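Peer 1: quick one, what's the 3D model for this:
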Amino acid sequence: MNIIRLIIAGAMITLACLAPATAKTWRGIVPLRANRTMVEGLLGPPQSGTRHVYVTPTETVLVTYADRPCAGGWQVPIDTVISVSVSPKSPLKLSEVQLEETKYEKRRDNHLESIYYYVNQNEGINWTVDVAQGIVTNVEYYPSASDASLKCSSTLPGSKPATKPRAPSTRTTRKSKPAPTRAQFACPMHPDVISSKRGFCPRCRMRLVRIATTAPEPAPSGSATSWSGLSTRERVQEMERLAPSYEYICPMHPAVHEGQPGLCPICGMPLTKVDPAVRGEYGFLVTADPPKPRPGQNVGLQLTISNPHSGERAKEYVVTHEKLLHLFIVSQDLSEYQHLHPQLLPDGTFSIETVLPKAGLYKLHADFFPMGGMPQIIHRELMTAGHAPRRGPRLPRLTPDATVVKNLDGMSVTLELGGPLVAGTLVPLTYQLADAKTGAPVRDLEPYLGAWGHTLILNTDQSEYLHTHPSEMLPSGANTASLRGGPKVEFKAMFPSAGDYRIWTQFQRGGKVTTVSFTVRVK
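Peer 2: Take a look at the predicted model:
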């Protein structure tokens with residue numbers, strides 16, 4: 001096995017030598033030229049429960065792979081390496097690295113005062129530096145400026161034309177005007193983030209940089225569109241132009257878009273017809289008071305939501321399951337869980353107070369539906385006082401439950417899986433509720449937030465997020481105060497990838513909300 005790894009590593013180094021001279025590499029891994037087989041031949045299999053995190057004796061490595069054609073703005077085969085993020089277990093001393101600062105653009109982190117990013121887009125490398133401690137905590141390798149020919153858009157400088165030019169016609173025609181050029185702005189770290197206006201990347205908050213793209217000339221009315229001369233991005237834009245103005249989406253999973261009514265393939269909920277005037281991810285700012293709350297003490301959270309195009313504060317929202325915003329707060333180790341509903345204030349901000357029970361990093365997952373826009377699911381982080389951030393991703397180790405029966409709040413809750421848990425398969429999750437003392441079926445379940453229950457599912461690093469509701473919906477127009485349900489409540493969920501997941505499900509009985517959790521492993 002070691003001999004095989006050495007051979008693969010040698011092949012990767014050879015590839016690195018063939019790559020553009022300006023491209024930075026790590027251990028011979030070249031962005032846009034290495035693939036998953038090469039990486040795992042060098043680093044071994046990924047960490048359990050993930051497909052892209054690798055742990056070596058000296059560092060933790062996060063590799064981003066192409067999961068589809070034109071992934072991240074790059075036209076490369078699936079499973080090609082897009083970027084590599086390396087977090088050394090023993091931080092590097094800045095004095096020993098000897099960065100030539102004249103070659104880098106120095107950018108300050110928007111949240112942590114001592115953190116700076118040294119960015120060299122020409123060479124495709126980004127250093128994360130803690131200037132207070134004089135150490136390098138992370139190094140990211142990504143495509144360099146000389147890789148422009150691999151971008152999806154054939155109109156970018158240095159790219160090759162998609163098709164050969166046609167021979168000129170013998171007929172006399174009017175001289176065509178050059179295609180109009182319109183300004184667009186993209187994130188240097190995330191090339192798939194494109195905006196028509198200046199601003200900041202919604203993922204990393206880096207300033208968007210200007211790029212120029214040539215818009216395709218619209219086809220004459222009633223004629224077929226010529227696709228052969230368009231880039232991938234231009235084809236998508238043309239399809240959006242020709243598509244109907246309405247679409248059907250899942251309120252819980254906004255990434256699901258259909259052109260006709262049906263059920264969400266992830267959670268099985270009916271799709272909702274929308275006609276959005278505003279598309280894209282809304283700005284979402286979380287302000288904590290105090291900024292680093294102490295465990296066990298109250299913390300006030302202010303949530304500010306803004307239009308992605310105008311930057312104006314959003315103030316009107318669609319009610320989803322009786323609330324304007326659902327906020328889930330989950331600790332990094334998945335041991336603490338809160339499902340909250342902040343109050344909308346007259347100035348358009350949401351406000352709520354809560355208590356974080358122990359020190360650590362918490363993930364915030366917000367579900368909301370701005371009026372005139374698309375349903376949003378946005379994720380942020382909040383760190384308590386007394387927590388020392390670890391360098392590199394650290395995933396909790398989950399152990400699947402040996403028993404599928406939990407007793408709490410006077411109920412015995414049994415989880416029945418409607419088949420093997422296989423990634424990409426819609427699986428029924430059925431709960432049987434009984435009285436913990438007598439074993440009698442529970443038939444006095446009360447509606448909770450417009451449903452017989454709510455379920456949230458997260459994987460170990462909380463990158464896969466599933467929010468689903470029971471298959472049996474409440475009767476339309478019924479008086480929910482008099483409705484009673486049980487003893488069986490069925491949900492449906494499709495786990496997107498293999499790994500360990502934690503499932504939290506909430507029921508209401510006698511005015512009390514009960515939260516039960518199970519840990520499962522998906523093949």
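Peer 1: how near is the residue nearest the centre of the chain to Lys523?
Peer 2: Closest residue to the average C-alpha location of the chain: Ser463 at 5.9 Å, with CA atoms, centre = their mean. From Ser463 across to Lys523, the span is 19 Å (CB to CB, to the nearest Å). (Each C-beta comes from the backbone N, C-alpha and C, glycine too.)
Peer 1: try Gly262
Peer 2: From Gly262 to Lys523 the distance is 27 Å (CB to CB).
Peer 1: again, but for Leu449
Peer 2: Counting by CB to CB, the gap from Leu449 to Lys523 is 32 Å.
Peer 1: who's more crowded, those two?
Peer 2: Leu449 (18 against 10; other CB atoms under 10 Å).
Peer 1: nearest residue to the more buried one in space, please, no chain neighbours.
Peer 2: Excluding its sequence neighbours, the residue lying closest to Leu449 (CB to CB, 6 or more residues apart in numbering) is His321, at 4.5 Å.
Peer 1: hmm, Tyr282 and Val307 touching each other?
Peer 2: If you look again at residue 307, you'll see it is Asn, not Val. Yes. Applying CB atoms under 8 Å as the test, Asn307 and Tyr282 come out as touching, 6.7 Å apart.
Peer 1: and for the two, which residues touch both?
Peer 2: 314, 370, 373 (CB atoms under 8 Å, 6 or more residues apart in numbering).
Peer 1: pretty sure Glu101 contacts Asn120?
Peer 2: No. Using CB under 8 Å, Glu101 makes no contact with Asn120, being 10.4 Å away.
Peer 1: which of these two has more neighbours?
Peer 2: Set Glu101 next to Asn120 and count neighbours by other CB under 10 Å: Asn120 wins out with 18 against 9.
Peer 1: tally of neighbours for the residue nearest to the more buried one when sequence neighbours are not counted?
Peer 2: Counting by CB to CB, 6+ apart, Asn120 lies nearest to Tyr104, which is 5.1 Å off, once chain neighbours are set aside. When neighbours are counted by other CB under 10 Å, Tyr104 registers 18.
Peer 1: can you check the one 4 residues further on too?
Peer 2: The number of residues packed around Arg108, counting by other CB under 10 Å, is 12.
Peer 1: so what's it up against?
Peer 2: Here Arg108 is in contact with 115-117 (CB under 8 Å, 6+ apart).
Peer 1: name the member of those with the most neighbours.
Peer 2: Tyr117 (19 neighbours).
Peer 1: hmm, Val131 and that one touching each other?
Peer 2: No. Taking contacts as CB under 8 Å, Tyr117 lies outside contact range of Val131: 11.0 Å.
Peer 1: report the contact partners of the residue nearest to Ile352 when sequence neighbours are not counted.
Peer 2: Spatial nearest neighbour of Ile352, chain neighbours left out: Pro342 (3.8 Å); criterion: CB to CB, 6+ apart. Shown in contact with Pro342 (CB under 8 Å, 6+ apart): 301, 303, 325, 327, 350-352.
Peer 1: from those, which ones fall inside strands?
Peer 2: 301, 303, 325, 327, 350-352 (DSSP state E).
Peer 1: tell me where the stretch 351-500 of the chain is predicted with low confidence.
Peer 2: Applying pLDDT under 70 to the stretch 351-500 of the chain flags the ranges 389-394, 476.
Peer 1: again, only this time at 80
Peer 2: 388-394, 476-478 (pLDDT under 80).
Peer 1: which stretches of it form strands?
Peer 2: 361-368, 376-383, 405-408, 411-417, 426-435, 445-446, 454-459, 465-468, 488-494, 499-509 (DSSP state E, counting those that start in this stretch).
Peer 1: relative to Ser310, how far out is Ala423?
Peer 2: Taking CB to CB, one finds Ala423 at 39 Å from Ser310.
Peer 1: looking at these two, which one has more neighbours?
Peer 2: Between Ala423 and Ser310, Ala423 has the larger neighbour count (other CB under 10 Å), namely 13 against 10.
Peer 1: returning to what we had before: okay, Asn307 and Tyr282: which has more neighbours?
Peer 2: Counted by other CB under 10 Å, Asn307 and Tyr282 do not tie: Tyr282 has more neighbours, with 19 against 16.
Peer 1: what's the nearest residue to Val278 if we skip its chain neighbours?
Peer 2: Gly373 (4.2 Å).
Peer 1: mind listing what that neighbour touches?
Peer 2: 276-279, 282, 307, 314.
Peer 1: buried subset of those residues?
Peer 2: Buried members of the contacts of Gly373, scored by 16 or more other CB atoms under 10 Å, are 276, 282, 307, 314.
Peer 1: does the first one count as helix, strand or coil?
Peer 2: Following DSSP: H, G, I helix; E, B strand; the rest coil, we place Pro276 in the coil state.
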